[in-house]
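> okay, sequence plus prediction incoming.
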Amino acid sequence: MGEATIEAYYLEDRTFPPSDEFRRNALVSDDALHKEAEADWEGFWAGQARELVTWFKDFDTVLEWDLPFAKWFIGGTLNVSYNCLDRHVEAGRGDKVAYHWEGEPGDTRTITYADLLDEVSRFANVLKSLGVQKGDRVAIYLPMIPELPVAMLACARIGAPHSVVFGGFSADALRGRIIDAEAKVLITADGGWRRGSAVPLKVSADEALEGTSTIEHVVVVRRTEEDVPFTEGRDRWYDELMRDADGDCPPEHMDAEDLLYLLYTSGTTAKPKGIMHTTGGYLTHAAFTHKYVFDLHPDTDVYWCGADIGWVTGHSYIVYGPLANGATSVIYEGSPDTPGKDRLWAIAEKYGVTILYTAPTAIRTFMKWGTEFPESHDLSKLRVLGSVGEPINPEAWVWYWQHIGGARCPVVDTWWQTETGGIMISPLPGVTTLKPGSATFPLPGIGAEVVDEQGNKIERGGGYLTLTRPWPGMLRGIYGDPERYKQTYWSRFEGRYFAGDGCKIDDDGYFWLLGRIDDVMNISGHRVSTTEVESALVDDQNVAEAAVVGAKDETTGQAIIAYVTLRGSVEPSDDRGEQLREHVAKKIGKFGRPKTIIFTDDLPKTRSGKIMRRLLKDVAEGRDLGDTTTLADPAVVDEIKKRAQQSPQED
Ligand code: 7RM
């Protein structure tokens, strides 16, 4: 038996069982799915694959597991775009809305399943006409416009793996990904709308293409109508190509293990990893989790995932999961504060959104802005709320539950990664008694355990999160680098997938994610997670957001430095800093009391909204900043450096 290796102090004892009303209408309201899966997890996944996915040819082997290489549903053939589109249209649901799309300037498009099938088929033929064949990689660099899911599905239709590069990434980032994937075609746009300005994507795309040799054609979608550089012969307008394209394109029959897409994860320093996802297992996992975690009732729900499609959350929970399940979704192109800070709530009200899936960073921003914005709209149709991307602090969870969900909607905190392809640890909203800040339990079919330094299972307390068996949506490798795949995920603990996250198990067996293990601090020999100190800070009613790092300290090894953003109109002061230090001491213990508190209006975040503690540590230790290219807003760091120099230190 292992021993706790990350100490866990934060206690949260509020619990939220599902209401009787919710349970009555829920797809699952007891432990039947969990039980079934525990009795025979391979059989369970085979059942889900046959129930949720339409196969051209049934599979004959459920799983071949040659650690760390998995093959799921061998012998089966299918097409992902057929599953997302044709089968719904064939079943008479062609008029059902697939996407309510809303552009930032206020323009809208309503796209039915029949519309989407038509556009995807035509674009699939366009890709073919540009020489794209089964197996060729296609790079996609688009804003959040309908052409983005269209391009992905068109690739899936003809069996060309896509590599979507988030539109906020630089030319350099795009170039590296095109080179690594040896992409043949690039799909981009003249630009996209963000905070009222046109982001010039085509200019970055052209810059990226200098120094690449594999791209034969660039397809350009008109969105902002700005003038763009255009290379005759290579570049083609989307609308012109589509005008002449045939609307009939039979879906390619793909093997279950054919590559569906690559998605690059940017590590902090090393070369980005091309995470490989294949066809049958991935679609099964995305559809299963989307249906049960959000309790999807496709005929009545209006589902909205606020992520960008350029992240894995958008791939699995804006495109593949919802479309496979025949859901009606909302897609919004732009920024949540344009034209006003109530934009999201205006959209939720307008379309009658019932399920909302967003990130803690967004929730903490809404907390900072104040409750008047959600209060000015009717959000009474909401019935399930989701969170993903980072640990959600209990106070942010309760705020979300109260001010967005009207104290009525279960909040599902969903833990997963680009590498896992879909949700792994999460409540089922009709089953699980929730604890704010806990992702609760592994989903049916998923094996997850917390282990100590030596890889021994820990029953209670903090350690390293590992996955104990293969799952259908798992990454099949890192593109072009099987050694790195083994090394990164399967070598630290024998026979286990190492997620890189700290996690604690409480007395009731609930999982509490503690952040990336690189973020664990060592204070006088205590291994304390940054997440717990942050949650203690956010627990104070004046605090909207906090980021904590351990900086070198002569006496204690590391000292806790806290960067704190206050809510709405609250003013920073030395007294407030002192009061916060005491609050943390009371909540988790004296050694958790930050040595220094630095008040700041903003925190440095990656473009997907995760706090970059590495940079804050550099600032705290007075180092030159390393690579800041993945930062969403580089100016934030300069501001923080200035504040850090002004803040008094306490002992
Ligand atoms: C979906 C996504 C993965 C990393 C992961 C964690 C963190 C994500 C949660 C979470 C605590 C959660 N993919 N993470 N979800 N931590 N609770 N519910 O975010 O590849 O971009 O990031 O994100 O550290 O390892 S990702």
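Happy to help now that I have it. No experiment lies behind these values; they were computed from the predicted model shown. Numbers count the residues shown, from 1 in each chain.
> got a list of what M242 touches?
119, 122-123, 126 (CB atoms under 8 Å, 6 or more residues apart in numbering). Any C-beta I mention is one placed from the backbone N, CA and C, and that applies to glycine too.
> which residue would be the closest one in the stretch 151-300 of the chain to the ligand?
Nearest residue of the stretch 151-300 of the chain to the ligand: T265, at 5.7 Å (CB to the nearest ligand atom).
> so what does that residue look like in phi/psi?
As for T265, its main-chain torsions (degrees, to the nearest 10) stand at phi -100, psi 130.
> CA atoms of the one helix or strand in the chain whose mean pLDDT sits lowest as PDB?
Sorted by mean pLDDT, DSSP states H and E, the helices and strands of the chain end with helix 635-646, the least confident at a mean of 80. These are the backbone C-alpha positions of helix 635-646, laid out as PDB (Å, rounded to 0.1, in the frame of the first residue of the first chain):
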ATOM      1  CA  ALA A 635       1.500  42.500 -21.600                       C
ATOM      2  CA  VAL A 636       0.100  40.900 -18.400                       C
ATOM      3  CA  VAL A 637       3.600  39.700 -17.400                       C
ATOM      4  CA  ASP A 638       5.100  43.200 -17.500                       C
ATOM      5  CA  GLU A 639       2.300  44.500 -15.400                       C
ATOM      6  CA  ILE A 640       2.900  41.700 -12.900                       C
ATOM      7  CA  LYS A 641       6.700  42.300 -12.800                       C
ATOM      8  CA  LYS A 642       6.000  45.900 -11.800                       C
ATOM      9  CA  ARG A 643       3.500  44.900  -9.100                       C
ATOM     10  CA  ALA A 644       5.900  42.200  -7.800                       C
ATOM     11  CA  GLN A 645       8.600  44.900  -7.200                       C
ATOM     12  CA  GLN A 646       6.200  47.000  -5.200                       C
END
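> now do the helices in the stretch 451-600 of the chain.
With DSSP state H, counting those that start in this stretch as the criterion, the stretch 451-600 of the chain has helices at 482-490, 530-538, 574-588.
> with adjacent residues omitted, what lies nearest to the residue in the stretch 351-500 of the chain that the ligand sits nearest to?
Of all residues in the stretch 351-500 of the chain, T418 sits closest to the ligand, at 3.5 Å by CB to the nearest ligand atom. Leaving aside its chain neighbours, T418 sits nearest to V312 (4.2 Å; criterion: CB to CB, 6 or more residues apart in numbering).
> same question, E104
Per CB to CB, 6+ apart, closest to E104 is G334, 2.6 Å.
> can you give me the distance of the one you found to D602?
19 Å (CB to CB, to the nearest Å).
> those two: who's more crowded?
G334 (20 against 17; other CB atoms under 10 Å).
> make sure K595 is actually in contact with A559.
Yes - using CB atoms under 8 Å, K595 is in contact with A559, at 4.1 Å.
> bridging across strands, which residues link to G502?
Beta-bridge pairing for G502 (DSSP bridges): Y464.
> tell me what the least confident helix or strand of the chain is packed against?
Counting contacts by 3 or more CB pairs under 8 Å, 6 or more residues apart in numbering; DSSP states H and E, helix 635-646 packs against strand 596-599, helix 613-620.
> residues near the residue of the stretch 151-300 of the chain closest to the ligand, how many?
16.
> which ones are touching it?
Counted by CB under 8 Å, 6+ apart, T265 has contacts 272-273, 275, 418-419.
> any chance of the residues you listed in JSON lines, with neighbour count and pLDDT too?
Shown next, in JSON lines, are those (neighbours: other CB atoms under 10 Å; pLDDT from 0 to 100):
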{"residue": "P272", "neighbour count": "17", "pLDDT": "89"}
{"residue": "K273", "neighbour count": "24", "pLDDT": "95"}
{"residue": "I275", "neighbour count": "22", "pLDDT": "98"}
{"residue": "T418", "neighbour count": "18", "pLDDT": "97"}
{"residue": "E419", "neighbour count": "23", "pLDDT": "98"}
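> let's see which of the residues you listed end up in strands.
273, 275 (DSSP state E).
> the nearest residue to E582 once chain neighbours are set aside: how many residues sit nearby?
In this structure, E582 finds its nearest non-sequential neighbour in R593, 7.5 Å apart by CB to CB, 6+ apart. R593 has 22 neighbouring residues, counting by other CB under 10 Å.
> just the one 4 residues further on next, same as before
With neighbours defined by other CB under 10 Å, the count for I597 comes to 27.
> pretty sure it contacts A562?
Yes - the criterion here is CB under 8 Å, and I597 meets it with A562 at 4.9 Å.
> need the overlap of contacts for the two.
L580.
> in the stretch 251-400 of the chain, where is pLDDT below threshold?
Along the stretch 251-400 of the chain, segments meeting pLDDT under 70 span 267-270.
> show me which residues of it sit near the ligand.
Listed as neighbours of the ligand in the stretch 251-400 of the chain under the rule CB under 6 Å from any ligand atom: 265, 312-313, 388-391.
> which members of these occur in strands, if any?
Those of those lying in strands (DSSP E): T265.
> now render the helices and strands packed on helix 635-646 as JSON lines, adding mean pLDDT and distance to the ligand.
Formatted as JSON lines, the helices and strands packed on helix 635-646 follow (pLDDT from 0 to 100; distance: least, CB to the nearest ligand atom, whole Å):
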{"stretch": "strand 596-599", "mean pLDDT": "94", "distance to the ligand": "23"}
{"stretch": "helix 613-620", "mean pLDDT": "90", "distance to the ligand": "11"}
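> in the stretch 501-650 of the chain, what residue is nearest the ligand?
Closest point on the stretch 501-650 of the chain to the ligand, by CB to the nearest ligand atom, is L513, at 3.4 Å.
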